[in-house]
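> Quick one, fold the following:
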Amino acid sequence: MSIKTILYWIARIIVGAVFTFSGFVKAIDPWGFTYKIQDYLAAMGDAMTIFSDLAFAGAVVLSAIELVVGLCLIFGIRTKESSWIAALLMLFMTPLTLWIALENPVQDCGCFGDALIIDNWTTFWKNVVLCIFIAYLLFQAKNFKSTISTQKQWLFVGYSLIFSIALSIYCYCYLPIIDFRPYHIGANIEEGMSIPDDAEQDIYDIKLIYERNGEQQIVSLEEYDQLDSTWQFVDQQTTLIKKGYEPPIHDFTIDTEEDGDITEEILADDNYTFIIVAYDLTLMNRSEEVMNQLRDLAEFADEQNYRCILLTASIPTDIEKFKEELDSDNVIFATTDKITLKTIVRDNPGVLLIKDATIFNKWCVNTLPEFEQPLESSEFATIANPHETQNVLLVILFYLFSIAIVMFFDKRKKKN
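Prediction:
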């Protein structure tokens, strides 16, 4: 095998693996990718927010394209076309990530969802390296031909595309089959909020501005004592040079109108607490079926002496309207940050079950069970298997995908 062939294989596998991983982690979390696209549109100005309604469709399509391109490159399917599509994506993404690195409009580019968070400059240089590999793939494309028939190659592409879209729709209707966020089932919220004693601190560059007789002078903290008393302090400039350690959970609060911040009280409670998460009550699914589910949940919690909290980021007037519509005295209404709520549960509404600050289970409204007996004597007394049903589905899909791979890569020729 020539060096040219080895380099081609290396480039193909690296680009394919990155695209496959990136497409998959976004395909299983279409809500999260939708939010990230909306963040980008908001950062680009009010004129771009008119496309926010298309964010979900864009999230599904873009993740599917990435996943299919990645799989095609890994398995040597339509490599020329896949390389060109990858090049077009990078032609758009590389300047975009450069702008993000320079201007920092969003803290995380979202390239790998919540599975792998890297800083904006690392993202940009990652894209530069990918561009080099993709350029080599395009340069060498004419020298490498697939031995798989054209018909089977296009079947592979179509199957992969359907697989990705179906996966995204399933995870959109329910919950991500793999939860990479800090609020996953089994996570302890208090531990997620803790900061180690030896944690790295933020590093700032601090400049002091002094003035004398209309003349200003900017000095550092080390230099300011060199100025005599005739200089008067005017202002201070503080610039973050390096971000220190930030705990995975750093913005979880439960604020009520009556009792203020009850976060510590709830997290310290050794009894069960249901938290209904609805980041925006005006956008929430408020069908009669969903509202009855929430009423039944609140009634069950009251009967069993559990707390039931509705946590939202909505404004007070919207909260009051929703209270009247829900018509239940068993729900404690509280507020917190909107982004936090979107991170906790990928649904609006979703439900969290916690005890001793640990997340025992979480549901979207499509999977919320009917509670009939005390949780202490039911399956909910222990931390749930986070993705039991979803894992079964994933195994079935993987099995079908494996069958497809075997069929497409069967190179045996019929004997005459």
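> quick one: average confidence on stretch 349-359?
For stretch 349-359, the mean per-residue pLDDT is 94.
> same question, stretch 184-201
Averaged across stretch 184-201, the pLDDT comes to 88.
> got it, and stretch 369-378?
Average pLDDT, stretch 369-378: 89.
> can you give me how far that stretch is from the chain middle?
Stretch 369-378 has its C-alpha centroid displaced from the chain centroid by 31 Å (CA atoms, centre = their mean, to the nearest Å).
> cool, and stretch 342-355?
The answer for stretch 342-355 is 14 Å, by CA atoms, centre = their mean.
> Now the terminal residues of that stretch, how far apart.
Terminal residues of stretch 342-355 are spaced 21 Å apart (CA to CA, to the nearest Å).
> in that stretch, what's buried?
Residues of stretch 342-355 classed as buried: 342-355 (neighbour count, 16 or more other CB atoms under 10 Å). No exception for glycine: its C-beta is placed from N, CA and C like everyone else's.
> In helices only, show me these.
342-344 (DSSP state H).
> Reformat those residues as a markdown table; add pLDDT and distance to F133.
Shown next, in a markdown table, are those (pLDDT from 0 to 100; distance: CB to CB, whole Å):
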| residue | pLDDT | distance to F133 |
| --- | --- | --- |
| K342 | 92 | 34 |
| T343 | 91 | 33 |
| I344 | 93 | 37 |
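> could you dump those residues to TSV with distance to F156?
Putting those into TSV (distance: CB to CB, whole Å) gives the following:
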residue	distance to F156
K342	35
T343	35
I344	38
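> Nearest to S378 among these?
The shortest approach to S378 among those belongs to I344, at 23.0 Å (CB to CB).
> Please identify which helix or strand holds S22.
Element membership for S22, per DSSP states H and E: helix 3-27.
> if I pick K36, what's in contact with it?
Contacts for K36 (CB atoms under 8 Å, 6 or more residues apart in numbering) come out as 59, 106, 108, 110.
> Please report phi then psi for it.
For K36, the backbone dihedrals are phi -70, psi -40 (criterion: degrees, to the nearest 10).
> measure it to D228 for me?
K36 sits 53 Å away from D228, going by CB to CB, to the nearest Å.
> ok, now Q217?
12 Å.
> So for those two, which sits in the more crowded spot?
Q217 (14 against 7; other CB atoms under 10 Å).
> Compute the first-to-last residue distance for stretch 263-274.
Start-to-end, stretch 263-274 (CA to CA) is 14 Å.
> tell me the secondary structure for the spatially closest residue to R295 that is not a sequence neighbour?
Nearest residue to R295 in three dimensions, chain neighbours excluded: S328, at 5.3 Å (CB to CB, 6 or more residues apart in numbering). Secondary structure, DSSP: H, G, I helix; E, B strand; the rest coil: S328 is coil.
> what pLDDT does S328 get?
86.
> which outside residues touch the helix or strand harbouring E211?
In this structure, E211 sits in strand 203-212 according to DSSP H and E. Applying CB under 8 Å, 6+ apart, the contact partners of strand 203-212 are 216-221, 224, 227, 230-242, 244.
> So how do I select the buried members of those in PyMOL?
In PyMOL, a selection of the buried entries from the contacts of strand 203-212 looks like this (16+ other CB under 10 Å):
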select buried, resi 224+231
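> Show me the contacts of strand 203-212 that map onto strands.
Judged by DSSP state E, those include 216-220, 232-242 as members of strands.
> Looking at those residues, spot the one nearest Q304.
Distance to Q304, by CB to CB, is smallest for L240 among these, at 47.4 Å.
> what residues does the strand or helix carrying L267 touch?
Assigned by DSSP H and E, L267 belongs to helix 263-268. Helix 263-268 is contacted by residues 189-190, 252-255, 273, 307, 309, 354, 356-357 when judged by CB under 8 Å, 6+ apart.
> Buried residues, it. List them.
Within helix 263-268, the residues scored as buried using 16+ other CB under 10 Å are 263, 266-267.
> Any chance of a markdown table for those, columns pLDDT and distance to S377?
A markdown table is the format used below for the buried residues of helix 263-268 (pLDDT from 0 to 100; distance: CB to CB, whole Å):
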| residue | pLDDT | distance to S377 |
| --- | --- | --- |
| T263 | 94 | 29 |
| I266 | 94 | 23 |
| L267 | 94 | 24 |
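> would CSV of those residues with distance to I206 be doable?
CSV is the format used below for the buried residues of helix 263-268 (distance: CB to CB, whole Å):
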residue, distance to I206
T263, 32
I266, 38
L267, 35
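> Tell me the one of those residues nearest L368?
Set against L368, the nearest of the buried residues of helix 263-268 by CB to CB is I266 (20.3 Å).
> how near is the closest one to F360?
Distance of I266 to F360, given as CB to CB: 14 Å.
> can you tell me how far the residue lying closest to A199 once chain neighbours are set aside sits from Q201?
Among residues not flanking A199 along the chain, Y245 sits closest, at 3.7 Å (CB to CB, 6+ apart). Separation of Y245 from Q201 (CB to CB) stands at 8 Å.
> what's the answer for A43, then?
28 Å.
> Likewise for I275?
Taking CB to CB as the measure, I275 falls 32 Å from Q201.
> the more surrounded of the two?
Using other CB under 10 Å as the criterion, I275 and Q201 rank with I275 on top: 23 against 10.
> do you know how far the more buried one is from A381?
Distance, I275 to A381, by CB to CB: 18 Å.
> on that earlier part again, can you tell me which of the contacts of helix 263-268 are buried?
Neighbour counting by 16+ other CB under 10 Å classes 189, 252, 254, 273, 307, 309, 354, 357 among these as buried.
> out of those, what pair is the most spread apart?
Longest span within the buried ones among the contacts of helix 263-268, CB to CB: F252 and R307, 15.9 Å.
> Where does pLDDT dip in this structure?
Residues of the chain that meet the criterion pLDDT under 70 lie in 1, 386-396, 398-400, 402-416.
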